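>>> how would this look folded up:
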Amino acid sequence: MRFLIMISLSACLMATEASAFTLDHSKGVVVLYKARSGNWLGCGPVQCLQVAEDTDERVADLVTPDALGDPYYVGRIGRCEFFQTPNSLRSYDHSVKWVIDRVSSKC
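Residues are numbered from 1 along each chain as shown. A predicted model of the protein is given here:
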């Protein structure tokens, strides 16, 4: 029960903050943010990076599969920049919820 409440609270907080833009849950989401070192980290349909990269373009490339297309900018929350893919998620790609759950504390 405690686990479910914490997930619900996290989802509510993220939904409240994300009211400035809407994410299509059938498409991939990519979230990029700067590390304290000044390099970039991110999370997307393929993976979440644990090691920072020099450019945001490199991070977006590493966390987004080619089949989903080039992500386009949709908005910013705190220090996180949100991008959406033009093509729909495949069954084995990480969902929008999965990605946001992993980066919500970074924003």
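
>>> please count neighbours and contacts with C-alpha atoms only from this point.
Fine.

>>> contacts only, for the residue nearest the centre of the chain.
With distances taken as CA atoms, centre = their mean, residue 31 lies nearest the centre of the chain, 3.1 Å away. With contact taken as CA atoms under 8 Å, 6 or more residues apart in numbering, residue 31 is in contact with 42-44, 80-83, 99-100, 103.

>>> on the pLDDT front, check it for me.
On pLDDT, residue 31 comes in at 98.

>>> same check, this time on the one 4 residues further on
At residue 35, the model reports a pLDDT of 93.

>>> was I right to think it contacts residue 50?
No. Look at residue 35 against residue 50 with CA atoms under 8 Å: they stay out of range, at 10.5 Å.

>>> so which of those two has more stuff around it?
Relative neighbour count places residue 35 above the other of residue 35 and residue 50, with 15 against 9, counting by other CA atoms under 10 Å.

>>> if we can go back for a sec, name the member of the contacts of residue 31 with the most neighbours.
Compared across the contacts of residue 31, residue 44 has the highest neighbour count, 32 neighbours, by other CA under 10 Å.

>>> perfect, I'm done here.
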